[in-house]
Structure formats: C-alpha cells, structure tokens
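Q: structure of the sequence below:
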Amino acid sequence: MGRTAKIAAAAALGGLLLALTIGMAATERPRMDTVTVHAGEAADYRVKPDLRRCRTLTMPDAGCEAAWEAERRRFFGKEERP
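A: Predicted coordinates:
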C-alpha cells in the first residue's frame, strides 16, 4: 500500500467519523435528566420546605440536622444505623 493510498484511507476514515458525529448531534434524543413519576408517588419526590431552607445554610442548625436525619431514615429505610 503506497503513501498516497494511506493518506486517502486516513482522510476517508476521518470524513466518516466527522459525518457520524454530525449525524448523532443532529438527531433528536429524549432528555436523560427527566424523571417520570406516577401521580401517587409525586408527593414522595418533592423536596420538603425545611430541607430546601437547610440547603442554603452554612452554619450548623439542630432543626436541619434532625430534618436531614429523618430524610435519611425515610430514604434508606426504617432500620437504625449501628
């Protein structure tokens, strides 16, 4: 295989990869960051107002600590940690 044939093959491969990349970018794909929640489960996924307030605090707060602990117990289950 000559030098010219190698250059032509590399250019063809590069062109193919470029065409594939443009084609993938142009197609409509469903968003992956959306979550489908059934109506009965919607209340479980809403952020509680006290947790929303606690996300912005920079100092320790006993009420926030209790709220986060309750949320952890709800999320991970009712069993106590060792």
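
Q: quick one: residue 23 and residue 17, what's the gap?
A: Look at residue 23 and residue 17: by Cβ to Cβ, to the nearest Å, they are 11 Å apart. Glycine gets a C-beta too; all of them are placed from N, C-alpha and C.

Q: swap in residue 68?
A: For residue 68, the distance to residue 17 (Cβ to Cβ) stands at 48 Å.

Q: go on, residue 71?
A: If you measure residue 71 against residue 17 using Cβ to Cβ, the figure is 47 Å.

Q: so where's the chain uncertain?
A: For the chain, residues meeting the criterion pLDDT under 70 lie at 30-47, 78-82.

Q: which strands or helices does the lengthiest helix in the chain pack on?
A: In terms of residue count, the longest helix belonging to the chain (DSSP state H) is helix 3-26. Contact here means 3 or more Cβ pairs under 8 Å, 6 or more residues apart in numbering; DSSP states H and E; on that basis helix 3-26 packs against no helix or strand.

Q: quick revisit: between residue 68 and residue 17, which has more neighbouring residues?
A: Neighbour tally, residue 68 and residue 17, criterion other Cβ atoms under 10 Å: the higher count belongs to residue 68, 15 against 10.
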